[in-house]
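Q: following is a predicted model, sequence given first.
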Amino acid sequence: ENTEPLAAQMMNDTRPDGTKVWTPLVAVSLLVWFVIAMQCMSTLAIVKRETGGWRWPIVMLVYMNALAYVACLGVYQVGRIWFV
């Protein structure tokens, strides 16, 4: 059983080639994901109740998560080009 604190585990986490997994660029990309992605299931429930069906909540979930994925992928790739 690993008793090392999570922050220490993340600082020591490396890829097979020895590079760090958790870099500032990864952190910024993750922040972009959390800003855009649909995370609130109660919001989906309200949209379902207001629209009377599952069509719009599903569209909203897919659209916002796809947008978040593309945005954080873009941030990460641009960051790799500019800063690496």
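A: Sure, I can see it. Numbers count the residues shown, from 1 in each chain.

Q: can you count the residues close to M11?
A: Neighbourhood size, M11 [other Cβ atoms under 10 Å]: 13. Just so you know, the C-beta spots here come from the backbone N, C-alpha and C atoms, and that holds for glycine as well.

Q: begin at 287, not 1, for the rest of this chat.
A: Let's use 287 as the start, then, which means that last one is M297.

Q: so what's it closest to, chain neighbours aside?
A: Of all residues not flanking M297 in the chain, W308 sits nearest, at 7.3 Å (Cβ to Cβ, 6 or more residues apart in numbering).

Q: R301 too?
A: Computed as Cβ to Cβ, 6+ apart, the closest residue to R301 that is not its neighbour in sequence is V307, at 5.9 Å.

Q: so what pLDDT did the one you found get?
A: pLDDT recorded at V307 is 90.

Q: and what of T300?
A: On pLDDT, T300 comes in at 90.

Q: that one: neighbouring residues, count only.
A: T300: 11 neighbours (other Cβ under 10 Å).

Q: the bottom helix or strand of the chain by mean pLDDT?
A: Using mean pLDDT, DSSP states H and E, the weakest-scoring helix or strand in the chain turns out to be helix 292-298, at a mean of 88.

Q: contacts for that helix?
A: With contact meaning Cβ atoms under 8 Å, 6 or more residues apart in numbering, helix 292-298 is reached by 288, 290, 307-308.

Q: and the next helix or strand past it?
A: helix 310-322 (DSSP states H and E).

Q: let's test this: mean pLDDT of the helix or strand following that next one, rounded?
A: Moving toward the C-terminus from helix 310-322, the next helix or strand (DSSP H and E) is helix 327-337. Per-residue pLDDT over helix 327-337 has a mean of 95.

Q: with just CA atoms, put helix 327-337 into CSV.
A: Taking Å, rounded to 0.1, in the frame of the first residue of the first chain, the C-alpha atoms of helix 327-337 are listed here in CSV:
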residue,chain,number,x,y,z
MET,A,327,-25.4,16.5,-13.8
SER,A,328,-28.0,18.5,-12.1
THR,A,329,-27.9,21.0,-15.0
LEU,A,330,-28.6,18.2,-17.4
ALA,A,331,-31.6,17.1,-15.2
ILE,A,332,-33.0,20.7,-15.2
VAL,A,333,-32.6,20.9,-19.0
LYS,A,334,-34.4,17.5,-19.4
ARG,A,335,-37.2,18.8,-17.2
GLU,A,336,-37.5,22.1,-19.0
THR,A,337,-37.4,20.6,-22.5
